[in-house]
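Asks: pasting the sequence and the predicted coordinates here, then a few questions.
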Amino acid sequence: MSDLFSLATAREAKPAKSSGRGTTNTYDASAIEVLEGLEPVRRRPGMYIGGTDEPALHHLVAEVLDNAMDEAVAGHASNIWIALSADNRVEVRDNGRGIPVDPHPKFPKQSALEVILTTLHSGGKFSDKAYATSGGLHGVGVSVVNALSDDLHVQVMRDGHVWSQHYSRGAPQGKIKNTGKTRDRGTSIIFHPDPEIFGAAARFKPERLYRMARSKAYLHRGVTIHWKCDPKIIKDQTPAEDTFHFAGGIRDYLESELDGRPLIGRIFSGTADLADNMGRVEWAVAWPDDHEDGFLNTYCNTVPTPEGGTHEAGLRAALARGIKAYGDRTGNKKSGIITAEDVVGAASGILSLFLRNPQFQGQTKEKLASAEATRLVDNAVKDHFDHWLTDNPKESTALLEFFIERAEERARKKNEKESRKGAARRQRLPGKLADCTRAEPEGTEIFLVEGDSAGGSAKQARARDTQAILPLRGKILNVANATGEKLENNKELADLVTALGGGSGRQFDVNKLRYERIIIMTDADVDGAHIASLLITFFFLQMRELVSSGRLYLAQPPLYRVAAGGKSIYARDEAERDKIIAHEFKGHRTEISRFKGLGEMMPAQLKETTMDPARRSLIRVDMTDAEKAAGDMIERLMGKSAESRFQFIQENAQFVSALDV
């Protein structure tokens with residue numbers, strides 16, 4: 001298959017064993033590995049579906065379902081069937097045109113069906129010849145599903161005939177066959193995810209696929225989706241069979257999500273064609289009057305975009321401009337303080353865009369990046385919003401007052417934050433401190449992190465109202481053997497003392513601390529432990545009451561992530577990693593990631609494992625009954641006497657089973 005897409009990657013040259021006069025490895029043409037066909041997908045599934053965990057597993061179904069939805073949106077299919085069997089197989093079938101089966105002009109020995117299923121970047125959606133708008137744009141969706149399935153069977157009903165072909169791990173297991181005649185039409189794909197990729201324990205979740213099918217039916221009111229699942233694998237209230245058809249489209253979906261919640265005014269919903277014949281947009285937005293959290297679910301060409309993007313920016317701009325213009329028309333001068341966040345932050349809504357040739361960030365399409373979408377959506381929605389506000393003056397006035405209240409509350413909080421910042425400036429807080437917004441110390445905490453890289457991740461992962469971040473520059477001064485003058489002139493420690501606000505030494509006052517908890521968060525390795533030891537020594541010697549009052553903590557970031565199938569577990573060290581593999585993933589192929597440091601972790605991972613109060617685990621530094629012993633140990637290990645440390649090492653070396661150097 002030399003004509004198919006190939007990917008060349010250079011393998012890292014590992015040094016061979018040497019006698020001390022150099023290595024025997026050379027870097028030449030033999031070190032270049034060529035991955036042909038679908039092998040890049042199997043080697044690096046994360047590049048195509050985001051990983052091998054549960055979301056990635058279910059992304060396979062989304063890829064196939066999106067193809068069926070594209071047929072429906074284009075007007076060629078009216079029904080889609082999705083079924084989940086007890087042996088973890090999924091079937092997606094539609095009554096569309098059917099994938100072409102005639103020989104491909106570029107590959108005359110292969111049918112177009114085989115080219116689509118075995119070649120990356122192949123398909124009918126690169127131009128608007130077959131589809132005006134579509135969710136599959138990169139030509140990798142169904143071929144990726146094929147590559148990551150150990151068994152896939154495709155059946156095409158087209159031009160009065162039934163065509164079938166079987167695949168395994170991306171390779172055809174025979175030629176395409178004409179298996180009979182039919183009056184039906186469409187495409188059916190049945191696939192089983194490869195245990196070598198996702199793990200033997202990986203299973204599709206009926207409730208997750210059910211929600212996926214239901215949401216797709218809302219997004220296109222012209223389609224009927226039929227759901228079926230083997231009852232033996234359903235563990236909750238998910239029905240074994242159901243049919244979805246929603247004449248009201250996303251408005252029906254929003255009404256079902258709001259489920260009787262009190263609203264300010266009515267639901268603002270509609271559909272409009274985009275300028276320049278670029279597609280169309282549908283929306284449904286409401287403003288609940290119950291102070292519960294809102295939501296804004298966005299889609300492009302029926303593909304969910306959980307991170308929003310340019311179409312969401314267009315909706316936000318249209319709503320903000322519309323309500324401010326209404327305020328101007330009615331003479332309410334306060335409307336000028338309203339921002340898009342005041343309007344959308346309190347809303348619950350759905351936005352569905354159908355756009356020609358959209359651009360997404362990444363293959364998993366979680367964020368729309370098409371620059372023109374902002375202008376197109378803004379212009380399309382604003383006119384409708386203007387008319388809606390004018391036609392409902394009583395409800396519109398109530399909405400306007402609601403937004404003004406939110407804007408005033410936002411301004412009040414901003415003033416409080418500025419007051420806190422002003423107090424911080426008067427205290428000359430260090431510039432690297434990312435302070436929390438809450439003025440009083442109750443419920444607040446400060447994370448002392450190692451370096452700017454870790455500080456950057458922590459700042460993105462934190463809860464801004466209660467969590468502050470202070471990056472430290474590597475290993476701080478060892479105060480146990482430093483002179484008073486050296487301690488006084490150390491800027492890193494001076495910044496730390498200023499940030500905490502309670503002073504140090506004899507002047508320390510625990511009641512003046514600016515935070516309720518002080519949390520040391522360093523890398524889960526030897527260097528991190530050393531930095532934590534230096535900080536504990538500093539607090540013990542210079543702010544002892546902080547320690548004795550139980551306000552000093554150690555965070556417990558993971559060192560490893562162990563994953564198999566749809567399950568991921570984090571481990572703090574090698575022993576915990578090995579225990580997890582032996583007990584949680586016994587007999588399964590695991591994917592093990594080692595974090596080089598906090599700065600290498602994604603903010604979401606850092607939040608989930610280490611910073612979120614609902615899920616994290618902290619160690620409190622406690623010396624209630626052992627203050628003298630703690631002081632003696634600190635003096636022995638951190639003090640000026642190198643002989644004491646050497647003696648300690650000699651006494652305890654026999655207990656070391658693993659040494660990280």
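Replies: It's in.

Asks: please count neighbours and contacts with C-alpha atoms only from this point.
Replies: OK.

Asks: so the closest residue in space to R438 that isn't next to it in sequence versus F403, what's the distance?
Replies: For R438, the nearest residue in space outside its immediate sequence neighbours is D465; the separation is 5.3 Å by C-alpha to C-alpha, 6 or more residues apart in numbering. Spatial separation of D465 from F403 under the definition C-alpha to C-alpha, to the nearest Å is 22 Å.

Asks: again with R261
Replies: In this structure, R261 and F403 are separated by 19 Å, where distance is defined by C-alpha to C-alpha.

Asks: higher neighbour count, these two?
Replies: More neighbours sit around F403 than around the other of R261 and F403, counting by other C-alpha atoms under 10 Å; the figures are 27 against 12.

Asks: and the helices in the stretch 451-600 of the chain, which stretches?
Replies: Along the stretch 451-600 of the chain, the stretches classed as helices by DSSP state H, counting those that start in this stretch are 451-461, 484-488, 491-500, 526-542, 544-548, 574-583.

Asks: export those helices to JSON lines and tack on mean pLDDT?
Replies: Formatted as JSON lines, the entries for the helices of the stretch 451-600 of the chain read as follows, by pLDDT from 0 to 100:
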{"stretch": "helix 451-461", "mean pLDDT": "88"}
{"stretch": "helix 484-488", "mean pLDDT": "66"}
{"stretch": "helix 491-500", "mean pLDDT": "89"}
{"stretch": "helix 526-542", "mean pLDDT": "87"}
{"stretch": "helix 544-548", "mean pLDDT": "91"}
{"stretch": "helix 574-583", "mean pLDDT": "90"}
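
Asks: would you mind putting the ones you listed into CSV with distance to Q361 and mean neighbour count alongside?
Replies: Formatted as CSV, the entries for the helices of the stretch 451-600 of the chain read as follows, by distance: least, C-alpha to C-alpha, whole Å; neighbours: other C-alpha atoms under 10 Å:
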stretch, distance to Q361, mean neighbour count
helix 451-461, 20, 20
helix 484-488, 49, 11
helix 491-500, 39, 18
helix 526-542, 35, 19
helix 544-548, 47, 19
helix 574-583, 33, 14
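
Asks: could I get those helices in JSON lines, plus columns for distance to S370?
Replies: Conversion of these to JSON lines gives the following (distance: least, C-alpha to C-alpha, whole Å):
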{"stretch": "helix 451-461", "distance to S370": "25"}
{"stretch": "helix 484-488", "distance to S370": "55"}
{"stretch": "helix 491-500", "distance to S370": "43"}
{"stretch": "helix 526-542", "distance to S370": "43"}
{"stretch": "helix 544-548", "distance to S370": "52"}
{"stretch": "helix 574-583", "distance to S370": "42"}
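
Asks: between these, which gets nearest to E39?
Replies: E39 lies closest, by C-alpha to C-alpha, to one member of the helices of the stretch 451-600 of the chain: helix 574-583, at 27.2 Å.

Asks: can you list contacts of that closest one?
Replies: Contact with helix 574-583 is made by 560, 562, 569-571, 590, as judged by C-alpha atoms under 8 Å, 6 or more residues apart in numbering.

Asks: one more time with 7 Å
Replies: Contact partners of helix 574-583, identified using C-alpha atoms under 7 Å, 6 or more residues apart in numbering, comprise 560, 571.

Asks: gap between that helix and the chain center?
Replies: Helix 574-583 has its average C-alpha position 26 Å from the chain's average C-alpha position, going by C-alpha atoms, centre = their mean, to the nearest Å.

Asks: okay, the residue nearest to I233 when sequence neighbours are not counted: pLDDT?
Replies: When the adjacent residues along the chain are set aside, I233 lies closest to A86, with 6.1 Å between them (C-alpha to C-alpha, 6+ apart). Reading off the per-residue confidence, A86 sits at a pLDDT of 96.

Asks: cool, the one 5 residues further on as well?
Replies: As summarised for this prediction, E91 has a pLDDT of 97.

Asks: compute the first-to-last residue distance for stretch 263-273.
Replies: End-to-end distance for stretch 263-273, by C-alpha to C-alpha: 28 Å.

Asks: starting at the chain centroid, how far to it?
Replies: The chain centre lies 29 Å from the centre of stretch 263-273; the measure is C-alpha atoms, centre = their mean.

Asks: buried residues in that stretch, which are they?
Replies: Within stretch 263-273, the residues that qualify as buried are 264-265, 267-273, counting by 16 or more other C-alpha atoms under 10 Å.

Asks: tell me which of those residues fall in strands.
Replies: Restricting the buried residues of stretch 263-273 to those inside strands, with DSSP state E as the criterion, leaves 268-273.

Asks: tell me the one of those residues nearest W287?
Replies: When those are compared against W287 (criterion: C-alpha to C-alpha), the nearest one is F268, at 9.3 Å.

Asks: how much space is there between the closest one and F295?
Replies: In this structure, F268 lies at 15 Å from F295, with C-alpha to C-alpha as the measure.

Asks: same question for A407.
Replies: 19 Å.

Asks: which of these two has more residues huddled nearby?
Replies: With neighbours defined as other C-alpha under 10 Å, A407 and F295 compare such that A407 has more, 22 against 14.

Asks: against V285, how distant is the more buried one?
Replies: Per C-alpha to C-alpha, A407 is found 19 Å from V285.

Asks: now swap in V497 and tell me
Replies: Counting by C-alpha to C-alpha, the separation of V497 from V285 is 49 Å.

Asks: just Y210 next, same as before
Replies: Taking C-alpha to C-alpha as the measure, Y210 and V285 are separated by 24 Å.

Asks: then R261?
Replies: Noted for R261: a distance of 13 Å to V285, by C-alpha to C-alpha.

Asks: where does the prediction get shaky in this structure?
Replies: 1-37, 121-140, 362-364, 415-428, 474, 480-485, 488, 623-661 (pLDDT under 70).

Asks: per-domain residue ranges of it.
Replies: Annotated domains of the chain cover 43-244, 262-408, 445-557+620-655 [automatic domain parsing].

Asks: format those as JSON lines; extra columns: distance to F595.
Replies: Formatted as JSON lines, those follow (distance: least, C-alpha to C-alpha, whole Å):
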{"stretch": "domain 43-244", "distance to F595": "16"}
{"stretch": "domain 262-408", "distance to F595": "23"}
{"stretch": "domain 445-557+620-655", "distance to F595": "9"}
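
Asks: and of these, who's closest to K414?
Replies: With C-alpha to C-alpha as the criterion, K414 lies closest to domain 262-408 of these, at 9.7 Å.

Asks: list the contacts of stretch 247-265.
Replies: Taking C-alpha under 7 Å, 6+ apart as the rule, stretch 247-265 contacts 218-221, 246, 269, 284, 286-290, 349-350, 395, 398-399.
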